[in-house]
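[1] model this:
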Amino acid sequence: MNVISWNCRGLGSKMKEEAMRNLIMTENPNIMLVQETKLEETDFLQSSKKFWKKGGTKAISARGASGGLGTLWNTSKLQLVVEKQNNHWLLTKF
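    The predicted structure follows:
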């Protein structure tokens, strides 16, 4: 099982998207945990389609210029059992 946790400190730029794409291609994680996306939930989910081709995604919107969480996982290897969230945390149980 390969899990990556990354405090990306903002995912809105092409440079950060390229860094994430390269990290995913190099390390091939089953789960990717992303903190401080600084994006709205819908923007993160839309952006993640560019670099995450393995299925599952969940996200929490940033609040102002801080925060934002995302969990990405490989649906061919993991099945989501429970998902809970509030403004400060995201629980994804496989």
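[2] tell me which residues in the helix or strand hosting residue 4 are buried?
    Following DSSP states H and E, one finds residue 4 within strand 3-7. Residues of strand 3-7 classed as buried: 4, 6 (neighbour count, 16 or more other Cβ atoms under 10 Å). For the C-beta atoms, the positions are set from N, CA and C on the backbone; glycine is no exception.
[3] Could you list the paired strands of that strand along with their orientation?
    Sheet pairing for strand 3-7, assigned by DSSP bridges, gives strand 31-35 (parallel).
[4] List the buried residues of the partner strand.
    31, 32, 33, 34.
[5] Mind checking the pLDDT average for the strand holding residue 4?
    Regarding strand 3-7, the rounded mean pLDDT is 96.
[6] Point out the other helices and strands that the host helix or strand of residue 26 packs with.
    Secondary structure assigned from DSSP H and E places residue 26 in helix 14-27. Applying 3 or more Cβ pairs under 8 Å, 6 or more residues apart in numbering; DSSP states H and E, one finds that helix 14-27 contacts strand 3-7.
[7] The strand it packs on: how far from the chain's middle?
    Relative to its chain's centre, strand 3-7 lies at 9 Å (Cα atoms, centre = their mean, to the nearest Å).
[8] so what's the one residue sitting closest to the centre of the chain up against?
    By Cα atoms, centre = their mean, the mean C-alpha position of the chain lies nearest to residue 70, the distance being 3.3 Å. Neighbour list for residue 70: 32, 33, 34, 37, 44, 48, 57, 58, 59, 60, 90 [criterion: Cβ atoms under 8 Å, 6 or more residues apart in numbering].
[9] Can you name the two of the residues you listed that sit furthest apart?
    32 and 60 (14.8 Å; Cβ to Cβ).
[10] mind checking how far the helix or strand where the residue nearest to the centre of the chain lies is from the chain centre?
    Applying DSSP H and E as the criterion places residue 70 in strand 66-74. In terms of Cα atoms, centre = their mean, the centre of strand 66-74 is set 3 Å apart from its chain centre.
[11] measure the residue of the chain most remote from its centre to residue 51 for me?
    What lies farthest from the middle of the chain is residue 64; by Cα atoms, centre = their mean that is 18.4 Å. Using Cβ to Cβ, to the nearest Å, we find residue 64 at a distance of 25 Å from residue 51.
[12] Alright, calling it a day.
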